[in-house]
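>>> Sharing a sequence plus its predicted fold:
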Amino acid sequence: MRRASDRGTVTVLTIGFLIMLGLLCAVVVDASAAYLRRQSLGGLADGAALAAADGAQGVAVYTDGLGDEAPIDPEIAQTAVDDYLDGVGAGATYSGLSWQVSVTATTVTVRLAAPLDLPLDPAGWAGTTTVAATGSAVVQVD
């Protein structure tokens, strides 16, 4: 009786491991790129929120005075964020950058979103994704 040969099974196993290793590398590289983009956008969003909070000295400060927190004017905040992002060249650095400013009485929140072309995109994977970050600031008077 002749025994079945195991020849060639190591080659198939090696090819399978190499494919898995390649996919794992792609995931790590793409996740790292998205993380770094998010960190960068987070710093930019924080700066924009602080710039908007600096605009707290609106008419209400002079007419109503200050309590424990300074009121933030939504129009001034939006203008301050627009000016800040234009001033640092965010549109040139992050093509397709979009932002949203929301203001409560004493808090300004800036949400930035930008598309990211992933460095490695295996067949069947989307080559781009959108990365977003949020920054906020409160003007508190002590």
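Nice, thanks for sending it over. The structure presented is a predicted model; accordingly, all values stated were derived computationally and were not measured.
>>> next helix or strand past the lowest-mean-pLDDT helix or strand in the chain?
The helix or strand of the chain with the poorest confidence is helix 59-64; it has a mean of 62 (mean pLDDT, DSSP states H and E). For helix 59-64, the following helix or strand on the C-terminal side (DSSP states H and E) is helix 74-87.
>>> in that next one, what's buried?
Under the neighbour-count criterion of 16 or more other Cβ atoms under 10 Å, helix 74-87 has P74, I76, A77, Q78, A80, V81, Y84, L85 buried. (Each C-beta comes from the backbone N, C-alpha and C, glycine too.)
>>> any idea which of those is closest to L50?
Y84 (8.5 Å; Cβ to Cβ).
>>> mind checking the SS state of the closest residue to the closest one other than its chain neighbours?
In this structure, Y84 finds its nearest non-sequential neighbour in A51, 3.8 Å apart by Cβ to Cβ, 6 or more residues apart in numbering. Counting by DSSP: H, G, I helix; E, B strand; the rest coil, the backbone at A51 sits in helix.
>>> D83 is in contact with A51, correct?
Yes: applying Cβ atoms under 8 Å as the test, A51 and D83 come out as touching, 7.3 Å apart.
>>> which residues does T129 contact?
A34, P115, L116, L118 (Cβ atoms under 8 Å, 6 or more residues apart in numbering).
>>> Report the buried members of those.
Of the contacts of T129, these count as buried by 16+ other Cβ under 10 Å: A34, L116, L118.
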